[in-house]
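got a predicted model here, sequence first, then my questions.
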Amino acid sequence: QVQLVESGGGLVQPGGSLRLSCAASGSIFRIGTMSWYRQAPGNERDFVASITIGGSTYYADSVKGRSTISRDNAKNTMILQMNSLKPGDTAVYYCYADIDYNRRYYYVPYWGQGTQVTVSS
């Protein structure tokens, strides 16, 4: 069994910062690409940022320059540091990862349960 658990969401004022964490646990052999997505009420789930197993990073235009994604392969964790937050960043943020568990030598997609980020004064 594999689990992804997000943490670090909350209420922050415009211009503030948040650090979102994602921790993977279970019988994990290897994790491929890890990503953050977000979903605002009434909207589809949108891509925010991703990081490959080799450390290459990709960002949505909406967060580029304000966010940094990182990972610790030894600890199976991922971080999204978000700065200069705007009300438009308000959403539920989801962790996503391609996980090879029990040495099956192929990846299975996993989602976390999400963490709420609210940017408001």
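It's in.

any idea which helix or strand carries Y93?
Using DSSP states H and E, Y93 sits in strand 91-101.

which strands and helices sit next to that strand?
strand 2-7, strand 18-26, strand 28-39, strand 77-82, strand 108-111, strand 115-119 (3 or more C-beta pairs under 8 Å, 6 or more residues apart in numbering; DSSP states H and E). Heads up, the C-betas are built off the backbone N, CA and C, glycines and all.

turn those into a markdown table, including mean neighbour count.
Below are those laid out as a markdown table (neighbours: other C-beta atoms under 10 Å):
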| stretch | mean neighbour count |
| --- | --- |
| strand 2-7 | 17 |
| strand 18-26 | 18 |
| strand 28-39 | 19 |
| strand 77-82 | 21 |
| strand 108-111 | 14 |
| strand 115-119 | 18 |
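
strands paired with the strand holding Y93, and their directions?
Taking DSSP bridges as the criterion, strand 91-101 sits next to strand 28-39 (antiparallel), strand 108-111 (antiparallel), strand 115-119 (antiparallel) in its sheet.

for Y101, which of those strands is the nearest?
When the strands paired with strand 91-101 are compared by C-beta to C-beta, strand 28-39 sits nearest Y101, at 5.5 Å.

following the chain onward from the closest one, which element is next?
Criterion used, DSSP H and E; the element after strand 28-39 is strand 46-51.

quick one: average confidence on that following strand?
Taken as a whole, strand 46-51 has a mean pLDDT of 98.

so which bits of that strand are buried?
By 16 or more other C-beta atoms under 10 Å, the buried positions in strand 46-51 come out as V48, A49, S50, I51.
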